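Enquirer: got a predicted structure plus its sequence, pasted below:
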Protein chains: 2
Amino acid sequence: MKHFDIIIIGSGPGGYIAAERAGDAGQKVLLIEKEHLGGVCTNWGCIPTKSLLNSAKLYVHARESQSFGVTAENVSYDFTRSMAWKQEVVETLRKGIEFLMKKSSVTVVFGEAECLSPSLVKVKDEQYTCDNLIIASGSEAMVPPIPGTDQDFVMTNREILGLEALPKRLAVIGGGVIGMEFASFFSSVGTEVHVIEMLDEVLPMMDRDLAKLMRREMKQVKYHLGSRVTEIKDHQVVFTDSAGKTGTVDADIVLISAGRKPNTLGLEELGLDIQKGAVTVDDRMRTNLPNVYAVGDITGRSLLAHSASRMAEVAVDTILGRKSLMRWHAIPWAVYSLPEAAGCGMTAEEAEKQGRKVKTAAVQMRSNGRFLAEHGKKAGGLCKVVVDADSEVLLGVHLLGAVSSEIIYGAAAMIESELRVRDIKEIVFPHPSVSEIIKDALWALS
Amino acid sequence: MKHFDIIIIGSGPGGYIAAERAGDAGQKVLLIEKEHLGGVCTNWGCIPTKSLLNSAKLYVHARESQSFGVTAENVSYDFTRSMAWKQEVVETLRKGIEFLMKKSSVTVVFGEAECLSPSLVKVKDEQYTCDNLIIASGSEAMVPPIPGTDQDFVMTNREILGLEALPKRLAVIGGGVIGMEFASFFSSVGTEVHVIEMLDEVLPMMDRDLAKLMRREMKQVKYHLGSRVTEIKDHQVVFTDSAGKTGTVDADIVLISAGRKPNTLGLEELGLDIQKGAVTVDDRMRTNLPNVYAVGDITGRSLLAHSASRMAEVAVDTILGRKSLMRWHAIPWAVYSLPEAAGCGMTAEEAEKQGRKVKTAAVQMRSNGRFLAEHGKKAGGLCKVVVDADSEVLLGVHLLGAVSSEIIYGAAAMIESELRVRDIKEIVFPHPSVSEIIKDALWALS
């Protein structure tokens, strides 16, 4: 029976980063993966969707750049080729992780992990012992108990990424990040898309003004807000709207994007504290069991790839006796739709709920020189900033518009560093850049 | 004779920002502009070039996105339309500045300013007095004393932005930022471009590896390094290469981009200390004369639009008795070519010249998931980081690849905040994003 310092279950952005950091620190590490290195993020999530959304962006640009002096005829989108490129990216990055694991001297075993005890894990016919166990088994799409979800044309993010032809009509159940990204992609390349959302607005984690603007910018999509799906029969999604009226949407494909649930299967028997389907952890990623850690979606906290990676680092630090703490207030998020949106820190609403007095300002992206030059006078976009009214410390930055996802890390850095408005005003932002909008919004604070 | 608290000469990103800040602070401000609000940046610099480069990017993407699943026929670039859009952007932003000046209660007068004394300025037939004078008169293209530069087809950034047709062959004298941006633009839309550079590498402010990579990525341009132009006759540029051999380049248009010189015309008589053609200032933007300040290119320090704006803020703060200091070590720069490059802080070479012990790491952009997905396996790109070997404080970030110009402000924030490697490792960067490359480079430090 082989012994390891650390066994890690799951090789997504939580698991493989934990393995890399621990391996580089000289730990003897076993990484167990049931399917493909990289987990959902690399194989059926962040990476393939971004690849497809980029193709969609290129397609839209090729069609709609006349006003910038670029014309083209017979612009066409080849779904098969775009999917092939997506797959090539996925496989390249998967190999990249494989390479990293070798470089960090991590042993990788493929198969379903069965935790016989906190220090004994079985994979297929082999058993492995360890001093520390990191559970990074991720999450899977939650399929609500709606009659008809068992039909072939009803899919989650996993199956829809394996489609062989572009659907004519797509119904998306759930207007969160995953739903809106797929809606953006498919609607940009010619599919008729309906989003059916239970709440009264899409993208619930987002500032309400931004969410509304997002719908306005993605106007080729049809939205059914405040609507609860009751049944999927044949190729029709049946829902009840906020007024109690029944509506239907015809669809060749139905995407279920109604949230995700942690993969806790089999973990209960370990004696782990599991609340609302997620493994309870503290800010050092310790579970209730000694030497057992959990990171990523399995914790039910901040279901984002980069959060998982950071949790992984904290878990490894904790195992190694290094002081390290997970902080949750400056984790950026991004929606990679066309246009993009991103945010970090609190919305005004969230801050006020905490009893803080805040100041906010919002600036239209089209007031920004570069944004105007690259997107035209009609493109919508917004930057909102939230600062503490007393200390003037930056609490939140919320962006909608091109390159938001690339700009937002700087907001994370500034919020983490607890910079005040006047500190940020002293930072020189390059001109012209969309990033300047953050500074402009701070100057617009009254 | 009208009296003002502050008179500002020049309405570029130094002058108009000074006017806005001072006006908003309740100062009675006169802004004098000899031509167009926004100065070189808005009218013949940053803004029009970025607009054209964006059109070029859209054109290249429309032609070269087959591998991403997007095909188009007869892709064509319409120079006239692209130039018209550029002009619309320029005029929109100019109007934006006009609006800002009104909003900040700034009086704007058009005409050449003549400084009769530090507190008396004449424009046309009117004279104005002031308590404080801010000189923000900018710079202009330096035309080296080469025989033949007086011909019509020999242009600076100003004239070339007024071209009515795309030249077939363009010779660019000087491979700095301006030269390389124009080379990138014209070569991307079909012009044969030669860059003739006196030094042995283009883009002298850039890390040498990045500059070399930039040339490799812009391989459609022909480079003549270590070459000194001796004459421009007819439509031929004659130069002597590093081996002493004479070479020639045929060109319909010749662009002179051999540096810029401050517009000090008439300022000597004020008694200003002028060294090497630039007005001497301290870090509060004070000149040798009481109540006379200088900001932007006229100071000969950091000839960048955003530097001018920050200098303007410092000057106004100083006038208002607020403590404020210009810091020069964390000013980002960007080259908006295809691909982009950007940097902030010191290169390893610069840090070592200062006697610092440094650690550096470089990571290929294609190891980044988003970069790979959006740009393919062959696209070149690099991120280099420089940190102090003793303190582990971040000293410099150098990027080549898409969206570098939008990412770099975060490096400015981190360098300004004197973050150490371990502080930055604790910041959560969104995944997938090109911005993650900075963190990856820090992890790659040995």
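Expert: Perfect, I can see it now.

Enquirer: tell me, how many residues neighbour the spatially closest residue to A:K28 that is not a sequence neighbour?
Expert: Using CB to CB, 6 or more residues apart in numbering or on different chains and skipping residues adjacent in sequence, the residue nearest A:K28 is A:D5, 4.6 Å away. (Glycine included, C-beta is placed from N, CA and C.) As a burial measure, A:D5 scores 17 neighbours (other CB atoms under 10 Å in any protein chain shown).

Enquirer: please report the distance of A:D5 from A:L133.
Expert: To A:L133, A:D5 is 11 Å away according to CB to CB, to the nearest Å.

Enquirer: could you check the pLDDT of A:D283?
Expert: Listed pLDDT for A:D283 reads 98.

Enquirer: okay, now it: neighbour count?
Expert: 14.

Enquirer: ok, it touching A:H329?
Expert: No: the pair A:D283 / A:H329 is not scored as a contact, 11.6 Å apart, by CB atoms under 8 Å.

Enquirer: close to chain B, is stretch A:351-369?
Expert: Yes: remark: stretch A:351-369 sits within contact range of chain B at A:S367, A:G369, by CB under 8 Å from any CB of the partner chain.

Enquirer: ends of that stretch, how far apart?
Expert: End-to-end span of stretch A:351-369 (CA to CA, to the nearest Å): 31 Å.

Enquirer: please tell me how far the residue most central in space within chain A sits from B:V229.
Expert: By CA atoms, centre = their mean, chain A has its centre lying nearest to A:L304, at 4.7 Å. As judged by CB to CB, A:L304 and B:V229 stand 54 Å apart.

Enquirer: now do the buried residues in the lengthiest helix in chain A.
Expert: Using DSSP state H to define each element, chain A has its longest helix at helix A:79-103. By 16 or more other CB atoms under 10 Å in any protein chain shown, the buried positions in helix A:79-103 come out as A:79, A:81-83, A:85-86, A:88-90, A:92-94, A:96-98, A:100-101.

Enquirer: do the same with stretch A:422-436
Expert: Of the residues in stretch A:422-436, A:423-424, A:426-436 count as buried by neighbour count, 16+ other CB under 10 Å.

Enquirer: go back to the residues you listed and keep what's next to chain B.
Expert: A:423-424, A:426-436.

Enquirer: any idea whether the closest residue to chain B within the stretch 301-446 of chain A is helix, strand or coil?
Expert: Relative to chain B, the nearest point of the stretch 301-446 of chain A is A:G410 (3.0 Å; CB to the nearest CB). State at A:G410, reduced to three classes by DSSP: H, G, I helix; E, B strand; the rest coil: helix.

Enquirer: in this structure it contacts B:Y409, no?
Expert: Yes: the criterion here is CB under 8 Å, and A:G410 meets it with B:Y409 at 5.6 Å.

Enquirer: residues bridging contact with these two, i.e. touching both?
Expert: Residues touching both A:G410 and B:Y409 by CB atoms under 8 Å, 6 or more residues apart in numbering or on different chains: A:S435, A:I438.

Enquirer: near chain B, which residues of the stretch 151-300 of chain A?
Expert: Residues of the stretch 151-300 of chain A lying near chain B (CB under 8 Å from any CB): none found.

Enquirer: could I get the contacting residues of whichever residue of the stretch 151-300 of chain A sits closest to chain B?
Expert: Residue nearest to chain B within the stretch 151-300 of chain A (CB to the nearest CB): A:V189, separated by 8.7 Å. By CB under 8 Å, 6+ apart, the residues touching A:V189 are A:S55, A:A56, A:Y59, A:Y77, A:F79, A:S82, A:L166.

Enquirer: looks to me like A:H194 is in a strand.
Expert: Yes: the assignment for A:H194 is a strand, going by three-state DSSP.

Enquirer: list the residues that contact it.
Expert: The contact partners of A:H194, by CB under 8 Å, 6+ apart, come to A:R169, A:L170, A:A171, A:V172, A:V221, A:K222, A:Y223, A:H224, A:V237, A:V249, A:A251.

Enquirer: and A:I32, by the same measure?
Expert: A:I32 touches A:I7, A:I8, A:I9, A:G10, A:S11, A:V108, A:V109, A:F110, A:G111, A:A113, A:V121, A:V123, counting by CB under 8 Å, 6+ apart.
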